[in-house]
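**Student:** got a predicted structure plus its sequence, pasted below:
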Amino acid sequence: MHLHKIKGLAFILAIISINTIKAQFQVKLADLDHGSIKVTPAIPADGVVAGGTKLTLKAIPESGFEIDAIYYTVQGGMWGTTSYEFFSPEETITVTKDMTIGATFVDRSLVSNLKIYRDIVYAKPGKKELKYDVFAPKGGKDLPMVVIIHGGGWSSNNEDIMRALAWELAKENTYMVASIDYRWINSLDGDETPNSMHHLVEDVFGAIAHLQENASKYGANPNKIAVTGDSAGGHLSAAVATLSDQIGTGNYPINFKLTPTYLPEGKTAEQVGLEIRNAIKAAAPSYGVFDVNPLNQFISQTDIAYRNGLSPIKNVPSSNSRKVPHFLTRGTKDGLISHEMVQAYVDALETRGQKAIYLQVEDAGHAFFDWKPDSTTRATFDKYGVPYAAKMRAFFDELFY
């Protein structure tokens with residue numbers, strides 16, 4: 001490239017950079033509960049901040065509360081807005097868009113006795129590191145483990161969205177709770193080779209294998225596991241509970257066998273499969289999909305054997321061979337998952353001799369176990385998530401205690 005072209009390109013890039021810096025954006029401070037946030041430099045009265053400005057945010061909880069997260073929210077993404085969260089008391093962000101900034105706080109009684117391990121990487125099968133968070137009661141030993149699998153249409157969200165459910169399940173210090181992430185379907189993670197539904201199931205099995213391997217570190221018993229999840233995570237939690245018989249056996253449809261994304265060194269898929277199968281003692285899928293046959297936008301494979309193989313309703317084990325009691329919930333105003341869909345799975349469970357408790361949550365919509373920075377999501381969790389998490393925990397107590 002000629003020198004004058006290089007200089008011309010540099011000039012253009014400089015102009016773009018200057019224009020970005022000169023751009024002005026609207027920055028709004030969210031209404032906060034149970035604490036405040038100090039912003040440096042202070043946001044002007046009109047909320048107009050120059051692009052490129054670095055804002056240092058310091059969250060200050062009120063008495064009796066602890067910092068949950070600092071966040072900022074921008075327009076865009078699958079759900080209309082996207083929030084970026086930072087689990088620290090102080091964070092510096094750069095203004096590049098219109099944004100709302102804020103902080104969330106949590107009652108100290110929910111988290112003061114927990115050792116929280118964040119962003120534990122258990123595998124990296126594609127571009128995205130697969131992680132989980134652990135909420136371990138301090139001083140806990142040999143506790144049953146609850147594994148939470150988030151929802152989001154198999155195509156959005158991560159383990160952070162289930163942390164409030166983790167707090168509630170761990171609040172009596174009787175369970176070690178882990179919230180896990182997995183690959184998104186198709187190429188939504190940026191992977192050149194699209195991810196199929198069975199890959200997501202293998203990710204969950206891989207996370208469970210990694211948790212079992214490290215259970216003693218977290219004060220947990222690797223042989224006592226319950227799985228739960230909501231929406232897409234409802235499907236995945238039911239899938240790992242019913243499909244664990246297929247790990248490493250080679251009996252899975254379409255000429256492949258389910259292999260956990262993570263395998264401990266020196267162990268085969270068959271060995272890990274047996275350990276997972278024997279360890280999962282209960283499932284609590286919330287407002288999930290239990291027959292994936294209609295999911296054409298998420299599953300490219302048309303072979304009925306493949307789709308049936310990923311449908312929990314088609315793979316319920318007989319209670320004579322393996323007991324997997326289920327606790328299921330659905331909001332009566334859920335516009336995505338119908339009562340008939342859940343009831344059909346309950347019927348399939350009971351036909352195979354499995355225990356199934358199905359509770360309909362009056363007036364609740366979809367995703368009431370989620371936790372996000374916006375006040376509506378948090379209020380919904382307080383109204384429905386908290387009491388039904390207690391019912392879920394009581395169900396687990398009957399099995400483990």
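**Tutor:** That came in fine, so what should we check first?
**Student:** now do the same end-to-end measure for stretch 263-276.
**Tutor:** Start and end residues of stretch 263-276 are separated by 12 Å (CA to CA, to the nearest Å).
**Student:** tell me the mean pLDDT for it?
**Tutor:** For stretch 263-276, the mean pLDDT works out to 96.
**Student:** stretch 370-377 now?
**Tutor:** 95.
**Student:** only the buried residues of it, if you could.
**Tutor:** Neighbour-count burial for stretch 370-377, counted by 16 or more other CB atoms under 10 Å, picks out Asp370, Trp371, Lys372, Pro373, Asp374, Thr377. From N, CA and C alone the C-beta is placed, and that goes for glycine too.
**Student:** state the pair within those residues that is farthest apart.
**Tutor:** Asp370 and Pro373 (11.2 Å; CB to CB).
**Student:** need the buried residues of stretch 370-377 in CSV with distance to Thr242, can you?
**Tutor:** Converted to CSV, these look like this (distance: CB to CB, whole Å):
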residue, distance to Thr242
Asp370, 24
Trp371, 27
Lys372, 30
Pro373, 34
Asp374, 34
Thr377, 30
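**Student:** take those and write them to JSON lines, including distance to Asp160 and secondary structure.
**Tutor:** JSON lines is the format used below for the buried residues of stretch 370-377 (distance: CB to CB, whole Å; DSSP: H, G, I helix; E, B strand; the rest coil):
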{"residue": "Asp370", "distance to Asp160": "10", "secondary structure": "coil"}
{"residue": "Trp371", "distance to Asp160": "8", "secondary structure": "coil"}
{"residue": "Lys372", "distance to Asp160": "9", "secondary structure": "coil"}
{"residue": "Pro373", "distance to Asp160": "10", "secondary structure": "coil"}
{"residue": "Asp374", "distance to Asp160": "14", "secondary structure": "coil"}
{"residue": "Thr377", "distance to Asp160": "12", "secondary structure": "helix"}
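**Student:** how about low-confidence regions in this structure?
**Tutor:** 1-22, 250-256 (pLDDT under 70).
**Student:** which of the buried residues of stretch 370-377 lies closest to Tyr401?
**Tutor:** When those are compared against Tyr401 (criterion: CB to CB), the nearest one is Trp371, at 26.1 Å.
**Student:** quick check, that closest one in contact with Ala166.
**Tutor:** No - contact criterion CB atoms under 8 Å: Trp371 and Ala166 do not qualify, at 9.1 Å.
**Student:** which residues of the stretch 201-350 of the chain fall in helices?
**Tutor:** Secondary structure of the stretch 201-350 of the chain (DSSP state H, counting those that start in this stretch): helices at 232-243, 269-279, 304-309, 339-351.
**Student:** so which of those helices is the most packed in?
**Tutor:** For these, the largest average neighbour count (mean count of other CB atoms under 10 Å) is found in helix 232-243, namely a mean of 29.
**Student:** can you give me how far it is from the chain middle?
**Tutor:** When distances are taken as CA atoms, centre = their mean, to the nearest Å, helix 232-243 is centred 13 Å away from the chain's centroid.
**Student:** between that helix and helix 339-351, how big is the angle?
**Tutor:** 20 degrees (axes from the mean of the first three to the mean of the last three CA atoms, to 10 degrees).
**Student:** now do the SS call for Asp119.
**Tutor:** strand (DSSP: H, G, I helix; E, B strand; the rest coil).
**Student:** what about it, how many neighbours?
**Tutor:** 13 (other CB atoms under 10 Å).
**Student:** look up the closest residue to it, ignoring the ones flanking it.
**Tutor:** Leaving aside its sequence neighbours, Asp119 sits nearest to Lys131 (CB to CB, 6 or more residues apart in numbering; 4.8 Å).
**Student:** residues contacting whichever strand or helix holds Asp133, please?
**Tutor:** Using DSSP states H and E, Asp133 sits in strand 130-137. For strand 130-137, contacts defined as CB atoms under 8 Å, 6 or more residues apart in numbering pick out 113-124, 143, 158-160, 163, 166-167, 170, 173-183, 203, 206-207, 210-211, 218-220, 261.
**Student:** neighbouring strands for that strand, and are they parallel or not?
**Tutor:** Here strand 130-137 is paired, per DSSP bridges, with strand 114-123 (antiparallel), strand 176-180 (antiparallel).
**Student:** return the most buried member of those strands.
**Tutor:** strand 176-180 (a mean of 29).
**Student:** dump the residue contacts of Ile280.
**Tutor:** Taking CB under 8 Å, 6+ apart, we find Ile280 in contact with Ile208, Ile225, Ala226, Val227, Val240, Ala241, Ser244, Val324.
**Student:** surely Ser109 is in a helix?
**Tutor:** Yes - applying three-state DSSP, one finds Ser109 inside a helix.
**Student:** so Arg352 makes contact with Ser319?
**Tutor:** Yes - using CB under 8 Å, Arg352 is in contact with Ser319, at 6.3 Å.
**Student:** ok, the two, which is more surrounded?
**Tutor:** Counting neighbours by other CB under 10 Å for Arg352 and for Ser319 shows that Arg352 has the greater number, 18 against 15.
**Student:** contacting residues for that one?
**Tutor:** So Arg352 contacts Val316, Pro317, Ser318, Ser319 (CB under 8 Å, 6+ apart).
**Student:** is it true that Asn278 touches Pro222?
**Tutor:** No - counting by CB under 8 Å, Asn278 does not reach Pro222; the two are 10.0 Å apart.
**Student:** can you add distance to Asp46 and give the contacts of Ile280 back as JSON lines?
**Tutor:** Formatted as JSON lines, the contacts of Ile280 follow (distance: CB to CB, whole Å):
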{"residue": "Ile208", "distance to Asp46": "51"}
{"residue": "Ile225", "distance to Asp46": "54"}
{"residue": "Ala226", "distance to Asp46": "52"}
{"residue": "Val227", "distance to Asp46": "50"}
{"residue": "Val240", "distance to Asp46": "52"}
{"residue": "Ala241", "distance to Asp46": "54"}
{"residue": "Ser244", "distance to Asp46": "58"}
{"residue": "Val324", "distance to Asp46": "58"}
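**Student:** nearest to Ala45 among those?
**Tutor:** The closest of the contacts of Ile280, once distances to Ala45 are taken by CB to CB, is Val227, at 50.4 Å.
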